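>>> Test case, fold it:
(3 chains, ligands or ions: 3)
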Amino acid sequence: MIVFIARRLVISFFVLLAATFIIFVLTAFAGDPLEDLRQDNSPQKLTKIAERSERMQLDVPVVLRYLGWLGRIVRGDLGVNRDGQAIAPILSDALSATLQLVLAATVLAITVGIVIGIISALRQYSGFDYTVTFAAFICFSLPLFWVAVMLKQYVAIEFNNWLKDPVIPPVVIGALALLGGLVFGALTVGDRRRRLVAFAVGLVVSGTLFTVLSVTRWFADPGLGTPLILAFGLATAVGFTALTAGLQYRGPLYATLAAAVIGAVCSQVLGPVLADPTWLEIGGLLLLTIAVCLGLGYALGGLQRRQAMTAATLTGVFTGAMVFLDRMLQAFSAYSASVRHRPVSTIGARTPNYQGDFWQTGLDSAGHLLLPTMALILISLATYTRFSRASMLEVMNQDYVRTARAKGLPERTVVLKHAFRNGLIPVTTMMAFDLAGVIGGAVVTENVFGWRGMGFMFTKGLQEVDPGPVMAFFLVTGTTVVVFNMIADILYAYLDPRIRLS
Amino acid sequence: MTTPPNVPIEPRKGDVHTYDIPSTILDSAGDVHVGLQRDAVRPPSEDEILRVENLSVEFPTEDGVVHAVRGVSYSLREREVLGIVGESGSGKSVSSMAVMGLLPKSARIKGQILFRGDDMLKMSPRKQRSLRGRKIAMVFQDPMTALNPVHTIGDQLAEAVLAHELMPRKNALARAKEMLDLVGIPQAEARLRSYPHEFSGGMRQRAMIAMAVINNPDVIIADEPTTALDVTVQAQILEKLLEVKDAVNAAIVLITHDLGVIAGMAHRVLVMYAGRPVEIGDTDPVFEEPRMPYTAGLLGSIPSLETSGGRLRPIKGTPPSLINLPTGCPFSPRCPLADEVCRTAEPELAETDSGGHFAACHHWDRLAAVEDPTVFFRTESETKA
Amino acid sequence: MTLSADAQAPDSGAEQGMTIVARTQAQMVRRRFFRHRAALAGMIVFGLVLVLAFTSVGFAGIPGWWDQSYITTGALVNQGKPTLSLAPFTIGEHPFGQDDIGVDYFAKTMRGAQQSLIVAFLVGIVATVVGAVVGAVAGYYRGRVEAVLMRVTDVMITIPVLVIAAVLGRRFGDAGVVPLGIVLGLTIWPTMARLLRGEFLSLREKEFVEAARAIGTPARRIIFRHILPNTIGVIVVSATLATANAVLLESALSFLGLGVQAPDTSLGQLIQEYRTAFSTRPWLFWWPGIFIIAIALSINFIGDGLRDAFDPRQTRVRA
Ligand SMILES: Nc1ncnc2c1ncn2[C@@H]1O[C@H](COP(=O)(O)OP(=O)(O)OP(=O)(O)O)[C@@H](O)[C@H]1O
Ligand code: SF4
Ligand SMILES: [Mg+2]
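Residues are numbered from 1 along each chain as shown, chains lettered A, B, ... in the order given. Ligands and ions are numbered 1, 2, ... in the order given. Modelled structure (predicted):
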């Protein structure tokens, strides 16, 4: 295994090296770096040209320039751009925003895409399946920049306007209720009667939900409150228990219910800690939650200890996430007021010079990330959905799934233990490919939303035929792709013992 | 259609086959392979455990409805070995999958599958699941793909126990080890932690057998359990299957293409053609005096020591499409005895000889009239010679 | 599990059997494709767009039937709003409106679509040829050849397509659509190469290839005569998908100002050009967008239909 990783590492290094060479040379030949100066009519024209030629070493052959660049990189020096500014500080400014965007989009696309893909596969030929398939095709065919501009124009501006007086018009409630009904109906398998019942349930539930949200003007000052957290927590407790251990035995159920209750109680008890925490504290709380839940599962799980520990941990983490969300939502009205009631931002990666507590700065990032992520996620989401659906369909037809059924295992075990694990294996190979696509998408998205991130650095550098910034961009993104590739390989080996043990 | 009544089988020790004995069950010395003798195992009892009554299965597909199984009936007594033979696509697997409840949702199943008198097709899914793997277990054809590559053998065996009985994992693993010992896998303790890819084909099939018997089932359905294996291990696996069956007191439905195996192992045999049962009865009478030309053709197509030069005489032609079935006897396009009657009316399964020998053929009496029923399938040159 | 044609093919002589199977296979493919309703719709839409784009404003010196030019300005009619209306159906003088200096926007959009389509086709062809050859050679020869070619592919995959395409687009964007299409094709072949290598790796072990090798058929002939025809499904499907992706890639590049450059135009370039006019003249943004989506979506559906037709098990997935 270690040999395997080491080998991959060495190969990846040389692959990356070759790629930097290609990009460097192509960028150097991409145009005339002096173009703007040649059209300059100022008296210093010639001195400017001489100065820039000198700085960019335009008289040195490209290969030597590349070697020079490589030599500097090895010493940790990113060099200067064509105007003489050091690249390192520009890069460090650009880095975090872009990586946040790329990682948020990737993680969301992977999780949501896989879940949708699997449900779609398990419900093959249902209304849901057809809808998902069609939506995926639309996503594959949408130009990213076009979607981004539309989101910016309609979603951001209109949504912000609406938030000033968040009453949902009856027509919209009707439409949302209908949508809810359709989703419920499409997800149900069975005869027409069962689907109609599901449709009606969905209609009523979502209709009521949105009416209540509208009447109480929930969006103006949102939040969940402990009772709601408890209710969600208990629901997830039952759900995760049903998924992992089944509901006919008590032990695992008690463990998850206890996890949910403790989580909800903590949302009250931990008030002072949660008032203005740091990320470190949040991380500590997460670890604590996991430890407590594992303990609960161990103590209460009985003969189904393993399943109970998994289910309790999932419940605990989910309840914790609800508490987190609740706090964030509670900070919303103050945040919204501080940005002149335009919480969904369309420009930049953060509000300049914004001061606020943990929750408010968190909201600020979220508000800025929302639209670019939505735009960026579309293609990846479609890719993961299609890919995991196909993979799952293939796996569900395998002999070993039939064997699992022949043993009399319950369907949840057949799907989660036997099919899902195998279905994930090909999806891991998709990850590195997709990340490269997301990075390309980030370049476009940043352009639309006016982020001064890495994408901006790249396009600007390229327009100016300036290899320095372009290479800095590529070093980071190329390394990210390579690292991600490694992670995917390791994950692959973890999931598939045939690779791991050979 | 009626189900053939159960007739007790007298163990006939040292019985001499008067008919061509397929070479596959003879060892190099020409003796009948001892391990494969059904007479070596405990005889079946009178009690019926599984009864399939007029089972039919259809699959609606894009090209039309596939009539995969049409009116199969058989019964199985405790400890009995029932062989099912028939060409590829004759519905052997589909009918046994129906018994296991493993057919895809699109399948339309009719008839009755009675396990100790309860109709499995009418049971709740939960009840059905509690029988599956506990009372009725299955061994599949291809051990290479039938085991999950990402879980250990021990885990896959233990979960078969845990699916039906809540107990500490430790105990389930101990039971798994016992089973691996039973099927003859050395170092069972260590092997529990192996993954399927670390096993050879024969070992995997042993593991599959261990998995099938781990809950002491009453019925084991073995669907071509040795087809995917090396010839040298085939006999070992079958031997093991019989040994294990005796250990847990189970009956076996054995599906195979190998008539030799049936001759050696099965108490009774069911011959299927194009989704229909065409002949059923005790193994020896059926093989010695087939009453349906298809069975005779099958017997004639096996290489045997007595036919000159081990010459193969395959039945000409292919089975009919299961979507557009011809009228009349489905075998008529390929049958040397076919006439106008055969092409218009489909023969019913009817008792031809006493002792529960049933066949579906209009002209079974013509087969009865000749000494060697495979004669109809001889090529012209052979007949002349 | 479905019944396949060859399973039921009569068991006649080998020679004859082969031709029967081959014919039924082609027929099956065609039949399955035309049964795929989305693919059929995609085919119709794509055909319409193609005809509209190439005949309306003329192409390669041949004049079109649309009487307005995509270059000359005119007086602004009704502030340049589109005159197209569905009920009652009228086309009007400027169905898609006019841009800020009075150029007919229908003509401009058609010209843009033309250019975008040319780029897409070129990308599709170049990527398919390069990818197929690299994949075939790597898959057939194995060993060192494969290692080298696959490392080259790895290098290409490490660089996000948009990045290398942008770098090349910066250089070739103003040289016209043909050079641009060719160089963009050179950026997206690795996907095809990987797919085809996989196919070759499995096909080269098949009996008919072994047989050909045994009787001394030269490698080039085995690759192109024996194996390649068997991978036609994979090639056709991924060529289609590559073309759909190329439409999006070209428009994204042009949008970034790194693809087709004014005064030449393309659908992406139009959106880039009028992006600031969104609040005042939204139609300048809508029309090219709609055409990009229509082209990409219809090609994607055609691709899906082809995949179903060639591989009814629906297990193959796009990479
Ligand atoms: N899910 C399905 N959908 C449509 N047709 C099916 C399905 N499953 C099986 N069939 C068809 O039913 C028929 C009987 O198949 P079955 O697998 O029972 O044959 P078999 O006798 O077991 O053959 P073999 O000896 O090859 O295993 C075949 O023609 C097969 O194509
Ligand atoms: S019924 Fe006729 S066609 Fe069918 S097997 Fe008997 S003789 Fe042959
Ligand atoms: Mg079978």
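>>> wait, is B:G281 part of a strand?
Yes - assessed with DSSP: H, G, I helix; E, B strand; the rest coil, B:G281 lies in a strand.
>>> check contacts around it.
Residues in contact with B:G281 (Cβ atoms under 8 Å, 6 or more residues apart in numbering or on different chains) are B:4, B:268-269, B:353, B:355-359. Where you see a C-beta, it was placed from the backbone N, CA and C, and this is true even at glycine.
>>> Using pLDDT, spot the least trustworthy of the residues you listed.
Note: of these, the lowest pLDDT belongs to B:P4, at 43.
>>> Return the set of buried residues in stretch A:35-42.
Buried positions in stretch A:35-42, judged by neighbour count with 16 or more other Cβ atoms under 10 Å in any protein chain shown: A:L37.
>>> what does stretch A:283-294 give?
By neighbour count with 16+ other Cβ under 10 Å, stretch A:283-294 contains the buried residues A:285, A:289-290, A:292-294.
>>> filter the contacts of B:G281 to the buried ones?
Among the contacts of B:G281, those buried by neighbour count (16+ other Cβ under 10 Å) are B:4, B:268-269, B:353, B:356-359.
>>> could these go into a markdown table alongside distance to ligand 2 and secondary structure?
Shown next, in a markdown table, are those (distance: Cβ to the nearest ligand atom, whole Å; DSSP: H, G, I helix; E, B strand; the rest coil):
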| residue | distance to ligand 2 | secondary structure |
| --- | --- | --- |
| B:P4 | 18 | coil |
| B:R268 | 21 | strand |
| B:V269 | 17 | strand |
| B:D353 | 16 | strand |
| B:G356 | 20 | coil |
| B:H357 | 15 | strand |
| B:F358 | 13 | strand |
| B:A359 | 8 | strand |
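>>> same for ligand 1: which of those are within range?
Contacts with ligand 1 are made by none of the buried ones among the contacts of B:G281, judged by Cβ under 6 Å from any ligand atom.
>>> Let's verify B:R291: helix, strand, or coil?
coil.
>>> That one - how many residues pack around it?
27 (other Cβ atoms under 10 Å in any protein chain shown).
>>> Now do the contacts for the nearest residue in space to it that is not next to it in sequence.
Excluding its sequence neighbours, the residue lying closest to B:R291 (Cβ to Cβ, 6 or more residues apart in numbering or on different chains) is B:A359, at 3.6 Å. Residues in contact with B:A359 (Cβ under 8 Å, 6+ apart) are B:278-281, B:290-292, B:295, B:349-350, B:352.
>>> Please report how far B:A359 lies from B:T344.
19 Å (Cβ to Cβ, to the nearest Å).
>>> How about B:L299?
For B:L299, the distance to B:T344 equals 27 Å [Cβ to Cβ].
>>> out of those two, which sits in the more crowded spot?
Higher neighbour count among B:L299 and B:T344: B:L299, with 23 against 11, using other Cβ under 10 Å.
>>> wait, what's in contact with B:S332?
B:326, B:338, B:342-343.
>>> Could you export those as a markdown table, including secondary structure?
Shown next, in a markdown table, are these (three-state DSSP):
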| residue | secondary structure |
| --- | --- |
| B:P326 | coil |
| B:A338 | coil |
| B:C342 | helix |
| B:R343 | helix |
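>>> Now list the buried members of those residues.
With neighbours counted by 16+ other Cβ under 10 Å, the contacts of B:S332 contain buried members at B:338, B:342.
>>> and which of the contacts of B:S332 is nearest to ligand 1?
Ligand 1 lies nearest to B:P326 out of the contacts of B:S332, by Cβ to the nearest ligand atom, at 15.1 Å.
>>> for chain B, which helix is longest?
Of all segments of type helix in chain B, defined using DSSP state H, the longest is helix B:231-248.
>>> Show the secondary-structure elements that whatever helix or strand comes next after that helix is packed against.
Per DSSP states H and E, helix B:231-248 leads on to strand B:251-255 as the next helix or strand towards the C-terminus. Judged by 3 or more Cβ pairs under 8 Å, 6 or more residues apart in numbering or on different chains; DSSP states H and E, the packing partners of strand B:251-255 are strand B:48-61, strand B:64-77, strand B:81-86, helix B:92-100, strand B:219-223, helix B:231-248, helix B:259-265.
>>> Show me the strands paired with the second one, marking each as parallel or antiparallel.
The strands beside strand B:64-77 in its sheet (DSSP bridges) come out as strand B:48-61 (antiparallel).
>>> circling back to that earlier point, mind checking which of the helices and strands packed on strand B:251-255 is nearest A:L46?
Relative to A:L46, the nearest member of the helices and strands packed on strand B:251-255 by Cβ to Cβ is strand B:48-61, separated by 79.6 Å.
>>> low-confidence ranges in chain C?
Judged by pLDDT under 70, chain C has its weakly predicted residues at C:1-25, C:58, C:61, C:64, C:69-80, C:82-94, C:311-319.
>>> Show me where it has its helices.
According to DSSP H, the helices that chain C contains are C:5-8, C:14-35, C:37-56, C:105-141, C:143-158, C:161-172, C:177-185, C:189-203, C:207-214, C:219-221, C:232-255, C:267-273, C:283-310.
>>> My read is that A:R498 contacts B:N148, right?
No - using Cβ atoms under 8 Å, A:R498 is not in contact with B:N148, being 11.6 Å away.
>>> returning to that earlier point: and of the contacts of B:S332, the nearest to C:Q272?
Comparing these against C:Q272 with Cβ to Cβ places B:P326 closest, at 67.0 Å.
>>> mind listing what that closest one touches?
Applying Cβ under 8 Å, 6+ apart to B:P326 gives the contacts B:320, B:332-333, B:343.
>>> The same query, at a cut-off of 6 Å, please.
Neighbour list for B:P326: B:P320 [criterion: Cβ atoms under 6 Å, 6 or more residues apart in numbering or on different chains].
>>> near chain B at all, stretch A:281-298?
No - using Cβ under 6 Å from any Cβ of the partner chain, stretch A:281-298 stays clear of chain B, coming no nearer than 13.8 Å.
>>> same question, stretch A:239-259
No - using Cβ under 6 Å from any Cβ, stretch A:239-259 stays clear of chain B, coming no nearer than 6.8 Å.
>>> Run the chain-centre distance for stretch C:263-280.
Its chain's C-alpha centre and that of stretch C:263-280 lie 23 Å apart, by Cα atoms, centre = their mean, to the nearest Å.
>>> and B:H151, how far is that from chain C?
With distances taken as Cβ to the nearest Cβ, to the nearest Å, B:H151 is found 23 Å from chain C.
>>> Tell me if I am right that that residue is in a helix.
No - assigned with three-state DSSP, B:H151 falls outside any helix and is coil.
>>> May I have the phi/psi pair for it?
The phi/psi pair for B:H151 (degrees, to the nearest 10) reads phi -120, psi 150.
>>> Report how many residues lie close to it.
20.
>>> what does B:A368 give?
Neighbour count of B:A368, defined by other Cβ under 10 Å: 14.
>>> For it, which residues are in contact?
Neighbour list for B:A368: empty [criterion: Cβ under 6 Å, 6+ apart].
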